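Q: below are the sequence and a predicted model for it; my questions follow.
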Amino acid sequence: MIVASWVCLFAPLGAAVAITLGGNLWSRRAAGYLATASVATSFVASTIAFFSALGREHDDRSQLSTAWTWLSAGNFHAGLSVLVDPLSILMMLIVSGVGALIVAYSIGYMDGEDEERRYFAYMALFVFSMLLLVQSGNLLLLLVGWGLVGLSSYLLIGYHHERPAAVAAAKKAFIMNAFGDATMALAFFLLIQRTGSLEFANAFAWAGGSTGSWAVNLVALGLLGGAVAKSAQLPLQTWLPDAMEGPTPVSALIHAATMVTAGVYLLVRTSTIFEAAPRVQDLAAGIGAATLLMAGLIALVQVDIKRVIAYSTMSQIGYMFLGAGLGAYANSMFHLMTHAFFKALLFLAAGIVIHALVGEQDMRKMGGLRRFLPRTYFAFLVGALALTGIPPLSGFFSKDSILASALAAGTYGQILFVAGLVGAFLTGLYTFRMVFMVFGGEPSPYAREHFHRPERSEPWVWMGSTVAVLSVLAVVGGWVQIAGIWHPFADFLKPTVEPLVDPSGAQDLLASVLAVGLGLAGVSIAWAIYSAGTMTAPAARPVRALFEHKFYFDELYDRLFYRPGDRLARALGDYLERPLILGSVNGIAVGARRIAAEVGQFQTGLVRTYALAVAGGVAVLSLVFVWVK
Amino acid sequence: MGPGLTWYLAVSAFLFAIGALGVMLRRSPLIVLLSLEIMLNGANLALITFSRHHGQLDGQVFALAVMAVAASEVVVGLGLIVAVNRRKLELDVDKLSTLRG
């Protein structure tokens, strides 16, 4: 179990280093094969860890293994250690499993790019960072992984470094994430000051003993800040849609399946701290509900296929925050897993569409692609139905169990439950708006002209087969837990986190019926507007503009932070730097030159004046000596 | 015994002054070099005088070294003068001032 988890952690790092150092020694394909093989190794290792954990007693399933003391300062020590427990094994399986599929898909998707090797090295680095994040045995190492996934996300968003929009998006993502990293670091400083260590056990013991104190509230707030930034929740959500500038498999792996869900993992992992600060935990749930509504509304008017899926990711992570904030940890993790399957599926299927239309992402130009890409249409439909939560696909089981938990969590939970239901309706609406716009109807003239039929070549086989595997997972992924009847998933996580809420069978049933009904209502309205044409979308210009401008968050941040900062920097430049610093340096230079010009006058070039000066000097010196004597 | 220490030093100072005036006042590089030699020999005379006065050989050895240096310096100086002359430049130290800063 321990050995397997170390292998799992370091296999992708090895691949990243080998590809980086090997350079041209690797052919382009070989770099892709190596990256895929390393992530697949990780997956095999985590499967071994999983079964070896299953073979143990419940209390024995959590193991901390320290390689060496990595850092020590005074009384503070932090080891390079991994924590292997059901929660981290689950995350390892998701990250390496979905990761291996997406990296394999990339072999096809990135075929023919100029810098494939760089891409695969970054991908392997990302998988390593994400595994470090979920396996870390103490909070310090978790922060290291947290920063590293931010870095690899930055590198991959900016992969097309010749496109200014990609570079800007990469910077935006990095800065927003750095904000979260900073609040987390502050929380850790406070923890070190209070407990003198960043071990999970010590931190949890301290939090349990000081429930409701201001320190524990501050620590929880700091952690929540990190989670919110990484998972693109309100108010730090604006980087995620822009991050779609990266290649599509990157969006699938980092900005849908794994990295953005790290915030949910953090909420669950440090649930003891959040339980000691109930107000902050409620805040997390509220943020989730607000985000899922807002992202759902924005997704209704987006025209870029990847951005619609990105907003739907934000919205689904909102559900997970809602669940984790209300204490439905297992349900939240369950939704994280199924979401990883169907969202990766949607992104990869969208990648095939984009590839077949030679890079076009605007849905208004698409249409009728069902004729051209029947199998992709089927896969996309499976993903869309799973996302909407239609039984018996995976999204149904996971989303509805979160909603049922909300229903069971008191008045506050019931308010959020309503928000979740509205979100379910919106999910059906925007998802099937996308399906009908891309695949439904007659082929659009643009699609007819630019469609580029996939050939039966190796790249297409990689892309097609991984999408097929993910389709199966999106269908069956939810069957490991059926609310109220069968719950091996929650049982597996029980040694790590105990849920705070336990919905009754009636609540489960009510939540399922309402959510499925509203989801289907959304689907049928989408059908009426975008397929049958019996309804038209309401014009409502001001509302539409509000959604299209993403609730004016970018504009607000521009006014609030960018412009004042820019103005301050300019003012400092004009009134401080130029006169004071540049002025003083230039002044010294000008002064030196002026003095040199004056002194230069003495250098006449006439030997006689030099001789006279020497003689005069000697005469003066002799006089001085005589006089002093 | 002959003349005393003072006389020797007076002659030495006189030679040195003549040389210095020559260096400062004359324009011909040849004469300047000649005046330099006179200065050096004035200094040599002072060295030898003190050497005799103290009964030690150090001053005389030093005078020999000065002569050797003077000889080599004259070689360089004369070489320069010949080179200047070859390029048909006027032999006037005041005009050879292009190397000033």
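A: Good, I have the coordinates. Only a predicted model underlies this, so the values are computations on that prediction, with no experimental measurement involved.
Q: give me the three-state assignment for whichever residue of chain A sits closest to chain B.
A: Closest contact between chain A and chain B, by CB to the nearest CB, is at A:Gly605 (2.8 Å). Every residue, glycine included, has its C-beta placed from N, CA and C. Per DSSP: H, G, I helix; E, B strand; the rest coil, the secondary structure class of A:Gly605 is coil.
Q: point out where chain B drops to low pLDDT.
A: B:1-2, B:99-101 (pLDDT under 70).
Q: biggest helix in chain B, by residue count?
A: Assignment by DSSP state H gives helix B:58-86 as the longest helix of chain B.
Q: so what does that one touch, helix or strand wise?
A: For helix B:58-86, the elements it packs on are helix B:29-54, judged by 3 or more CB pairs under 8 Å, 6 or more residues apart in numbering or on different chains; DSSP states H and E.
Q: tilt between the helix it packs on and helix B:58-86?
A: For helix B:29-54 against helix B:58-86, the angle by axes from the mean of the first three to the mean of the last three CA atoms, to 10 degrees is 180 degrees.
Q: tell me which strands and helices helix B:29-54 is in contact with?
A: helix B:5-25, helix B:58-86.
Q: could these be laid out in TSV, adding distance to A:Ala49 and mean neighbour count?
A: Converted to TSV, those look like this (distance: least, CB to CB, whole Å; neighbours: other CB atoms under 10 Å in any protein chain shown):
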stretch	distance to A:Ala49	mean neighbour count
helix B:5-25	96	16
helix B:58-86	87	13
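Q: right, so of the ones you listed, which gets closest to A:Arg370?
A: When these are compared by CB to CB, helix B:58-86 sits nearest A:Arg370, at 96.1 Å.
Q: ok now the closest one, how far from the chain's centre?
A: In terms of CA atoms, centre = their mean, to the nearest Å, the centre of helix B:58-86 is found 9 Å from the chain centre.
Q: again with stretch A:461-471
A: Its chain's C-alpha centre and that of stretch A:461-471 lie 23 Å apart, by CA atoms, centre = their mean.
Q: buried stuff in that stretch?
A: A:Trp462, A:Met463, A:Gly464, A:Thr466, A:Val467, A:Val469, A:Leu470, A:Ser471 (16 or more other CB atoms under 10 Å in any protein chain shown).
Q: so who does residue 18 touch?
A: Picked chain A for this. Contacts for A:Ala18 (CB atoms under 8 Å, 6 or more residues apart in numbering or on different chains) come out as A:Trp26, A:Leu34.
Q: think we crossed wires, I meant chain B
A: Applying CB under 8 Å, 6+ apart, the residues near B:Ile18 are B:Ser35, B:Ile38, B:Gly42.
Q: switch the cut-off to 7 Å
A: By CB atoms under 7 Å, 6 or more residues apart in numbering or on different chains, B:Ile18 lies in contact with B:Ile38.
Q: now do the SS call for the closest residue to A:Ile529 other than its chain neighbours.
A: Leaving aside its chain neighbours, A:Ile529 sits nearest to A:Met535 (4.9 Å; criterion: CB to CB, 6 or more residues apart in numbering or on different chains). Each residue gets one of three states, and A:Met535 gets coil by three-state DSSP.
Q: what does stretch B:48-58 contact?
A: B:Leu5, B:Tyr8, B:Leu9, B:Ser12, B:Gly59, B:Gln60, B:Ala63.
Q: not counting its neighbours along the chain, what's nearest the second one?
A: If I follow you right, that is B:Tyr8. B:Thr49 (4.1 Å).
Q: am I right that A:Leu80 sits in a helix?
A: No: counting by three-state DSSP, A:Leu80 falls outside a helix, being strand.
Q: leaving out sequence neighbours, find the closest residue to it.
A: A:Trp70 (4.1 Å).
Q: ok, now which ones touch the one you found?
A: So A:Trp70 contacts A:Ala78, A:Gly79, A:Leu80 (CB under 7 Å, 6+ apart).
Q: now the second one: closest residue in space, sequence neighbours ignored.
A: Across the structure, with CB to CB, 6+ apart as the measure, the residue nearest A:Gly79 apart from its sequence neighbours is A:Thr66 (3.9 Å).
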